[in-house]
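>>> Okay, predicted coordinates and the sequence, questions at the end:
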Amino acid sequence: MYPYVVAGAILFLGVIGIARSRNLVHAVVCLAVAQSGTYVLLLTVGYQRGATAPIFQSAPEKAGYAATLVDPVVQALTLTDIVVSATVTSMLLALAVQIAKRHDTVDPDELRSLRG
Amino acid sequence: MNAWIVAAIVLLVAGLGPALLFCARGSSASRLVGLQLAGVVGVLVLVAIAEAAGQPMYLIVPLVLATLSATGTLVFTRTLHQDVRAGQGAGDDG
Amino acid sequence: MSRGGRYWVLAVGIAAVGGALAWAFLSMPGFGGGFHPYRDAAVAAALRHSTANVVSSVNFDQRGFDTLGEETILLASVVGVAVLLRPLPGERHRHGRQGGHVLGTTRMLVVVAVPLTLVLGIDVVAHGAVTPGGGFQGGVVAATALHLIYVGDRYRVFARLRPIGLFEQAEAAGVVAYAAVGVAGLAFGGSWLANILPHGTLARLVSAGTVPLLNAAVGLAVAGSVVVLLSHFLDQRFLSPPPGTRHAPGDGTQP
Amino acid sequence: MNILITVALTLVLAGAAVVVFTPVPSRQAVVLSVYGILLAALFMALQAPDVALSQVAVGAAVVPLIVMLAIRKIDSLRAARRRQR
């Protein structure tokens, strides 16, 4: 149970950080932290006690060999997740730079008052 | 539970824990010391976990970390020099 | 909305999502259990195609189409960053030395580490089907090698060594090569991205059919896009801010 | 192995808290780098070397470099504006 709770807690920590943030760069980094909660959840779901990574060194002899490996599907999903996180981070940081150029501030609160 | 698992746990608690503490306080330049410590101890932790699992092919991960952690430190020494020159972290009023 | 109001909305959201998550976690199979039906199916499929690294098999053989989608996300984000970080009217390129003094030891580290990192990246791509690693990880490591030249040395050396058009083409070539393997599978194997090549022996460098080819294509695309992405951010450092952009009329400041 | 995973999970949780509650972005970028190493240790303990490798590749140099370059650009834009006034 503890691993799942940690994954949820990391997600909430990131979200709280975004809500408290006074700087758009800080908010983007907090979003990356929130997303890292999903990596932890996916990998802990696929873990099995005593199992090893789903990589063969030689052809298995026994039929039930698959039962000694951890789940490869969630690992593949996590790989995609990490790539998407990196691209989202770079896109949002480019957006933050563009906002700084046009509005002279990266504080979300000041940005709102500028609009009103 | 073999000796490598004990080594990994000890290194995590006594190595990466203090590294995180170093990182949690001070100016960004002094936090770099924590990053350096985390890089070095992280390589040792990854080697210990690979040995604990009895899987020598995991060792590619500590190898990549050892190569890239120097680059990661260089990134910060290149981009933080303005903070260091201004003493107390100029432009940190964000 | 005021800050206080925002915190209230946050508290309500966290309570609702937290409740839903707690409900889900309580009805999930416990941590570390042996119930993994997808694992059994994926491992059997990987063994049929002689792919030693089952994660690579899932990414490049069983779920190959999803990885093409991931490549497209990467391509789209590079285009997005290029559009967002284009120079505004009035911004000019500043030439000259980058600030800061580079120590001799740093230069030496770069000389040692650049070839090492590059070879390591290529090695990780090449062994993607047999050991941990693959096109994505190796591509990022190889791209880091090129950026090591920037962090250790002057930008101008870096700009000369990094013909950006070539990397844009490398990125596009990687995506096209991936799609070409998919079309070849359609033509000769009867389905998109079918694993048409001979599968070889498990855990040998040349095995697993099309998986190493797709790994190489992804490695090329990822290395190219990371270099292009970082170069857009690096170029921003060498743009001087336009004089008085904010006070000029009609520059799109007001939405 | 279970104790190892529990210890690594606790360290990752502490690392996430430190990243989130570091208000200054240039300091936060350094902590984010350390958080990436903690995540890599956890992924290795969960027998996922592929994922650990990609976390190390992305988190060690590329993401910190992008974050630091964005911070420096925003700082220099502000400094230029301050000089104009």
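Structure's in. What do you need? From a predicted model like this one, the values you see are computed outputs, not experimental measurements.
>>> any low-confidence regions in chain B?
Low-confidence regions of chain B, defined here as pLDDT under 70, cover residues B:1, B:81-94.
>>> Also the stretch 151-255 of chain C?
Within the stretch 151-255 of chain C, the stretches falling below the threshold (pLDDT under 70) are C:152-162, C:190-191, C:193, C:196, C:198-207, C:238-255.
>>> What ranges does it have for its helices?
Counting by DSSP state H, counting those that start in this stretch, the stretch 151-255 of chain C has these helices, from start to end: C:155-161, C:164-189, C:211-237.
>>> Need the residues that contact stretch D:9-23.
Stretch D:9-23 is contacted from outside by A:2-3, A:6, A:9-10, A:13-14, A:16-17, A:22-23, A:26, A:29-30, A:33, A:36-37, A:40, B:12, B:16-17, B:20, B:23-24, B:94, D:28, D:31-32, D:34-35, D:38-39, D:41-42, using C-beta atoms under 8 Å, 6 or more residues apart in numbering or on different chains. For the C-beta atoms, the positions are set from N, CA and C on the backbone; glycine is no exception.
>>> next one: it to chain centre, how far?
For stretch D:9-23, the gap between its own C-alpha mean and the chain's C-alpha mean amounts to 10 Å (C-alpha atoms, centre = their mean, to the nearest Å).
>>> Give me every residue in the stretch 51-200 of chain C lying close to chain A.
Residues of the stretch 51-200 of chain C found near chain A (C-beta under 8 Å from any C-beta of the partner chain) are C:52-55, C:57-59, C:63, C:66-67, C:70, C:73-74, C:77, C:80-81, C:84-85, C:88, C:130-132, C:134, C:136.
>>> picking that back up, could you list which of the contacts of stretch D:9-23 belong to helices?
Of the positions in the contacts of stretch D:9-23, A:2-3, A:6, A:9-10, A:13-14, A:16-17, A:26, A:29-30, A:33, A:36-37, A:40, B:17, B:20, B:23, D:28, D:31-32, D:34-35, D:38-39, D:41-42 sit in helices, assigned by DSSP state H.
>>> Contacts only, for the residue in chain A that chain D sits nearest to.
Of all residues in chain A, A:Gly17 sits closest to chain D, at 3.6 Å by C-beta to the nearest C-beta. Taking C-beta under 8 Å, 6+ apart, we find A:Gly17 in contact with A:26-27, A:29-30, A:33-34, D:19-21.
>>> any chance of these in JSON lines, plus distance to C:Ala24 and neighbour count?
Supplementary listing: the contacts of A:Gly17 in JSON lines, determined by distance: C-beta to C-beta, whole Å; neighbours: other C-beta atoms under 10 Å in any protein chain shown:
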{"residue": "A:His26", "distance to C:Ala24": "30", "neighbour count": "26"}
{"residue": "A:Ala27", "distance to C:Ala24": "27", "neighbour count": "20"}
{"residue": "A:Val29", "distance to C:Ala24": "27", "neighbour count": "29"}
{"residue": "A:Cys30", "distance to C:Ala24": "23", "neighbour count": "25"}
{"residue": "A:Val33", "distance to C:Ala24": "21", "neighbour count": "23"}
{"residue": "A:Ala34", "distance to C:Ala24": "17", "neighbour count": "21"}
{"residue": "D:Val19", "distance to C:Ala24": "25", "neighbour count": "30"}
{"residue": "D:Val20", "distance to C:Ala24": "23", "neighbour count": "26"}
{"residue": "D:Phe21", "distance to C:Ala24": "27", "neighbour count": "15"}
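>>> about what we covered before: now, of the helices of the stretch 151-255 of chain C, which is deepest in the fold?
Highest mean neighbour count of the helices of the stretch 151-255 of chain C: helix C:211-237, a mean of 25 (counted as mean count of other C-beta atoms under 10 Å in any protein chain shown).
>>> Check the closest residue to D:Val67 other than its chain neighbours and give its pLDDT.
Leaving out its chain neighbours, the residue that sits closest to D:Val67 by C-beta to C-beta, 6 or more residues apart in numbering or on different chains is D:Ala29, at 4.6 Å. Model confidence at D:Ala29, expressed as pLDDT, equals 89.
>>> Could you do D:Val7 as well?
pLDDT for D:Val7: 93.
>>> next one: phi and psi at it?
The phi and psi values for D:Val7, taken as degrees, to the nearest 10, are phi -60, psi -40.
>>> one step back: among the ones in helices among the contacts of stretch D:9-23, name the buried ones.
Among the ones in helices among the contacts of stretch D:9-23, the ones that count as buried by 16 or more other C-beta atoms under 10 Å in any protein chain shown are A:3, A:6, A:9-10, A:13-14, A:16-17, A:26, A:29-30, A:33, A:36-37, A:40, B:17, B:20, B:23, D:28, D:31-32, D:34-35, D:38-39, D:41-42.
>>> what is the rounded mean pLDDT of stretch A:9-27?
The average of the pLDDT scores along stretch A:9-27 is 91.
>>> I meant to write stretch C:120-140 there.
Along stretch C:120-140, the predicted local confidence has a mean pLDDT of 85.
>>> Now B:Ala24. Its backbone dihedrals?
Phi and psi for B:Ala24, reported as degrees, to the nearest 10, are phi -80, psi -10.
>>> At the geometric centre of chain B, which residue sits there?
Geometric centre of chain B, nearest residue: B:Ala38, 1.9 Å, by C-alpha atoms, centre = their mean.
>>> and that one, which of the three is it?
Using DSSP: H, G, I helix; E, B strand; the rest coil, the secondary structure recorded for B:Ala38 is helix.
>>> That one and B:Leu12 touch, don't they?
No. In this structure B:Ala38 lies outside contact range of B:Leu12 using C-beta atoms under 8 Å: 11.0 Å.
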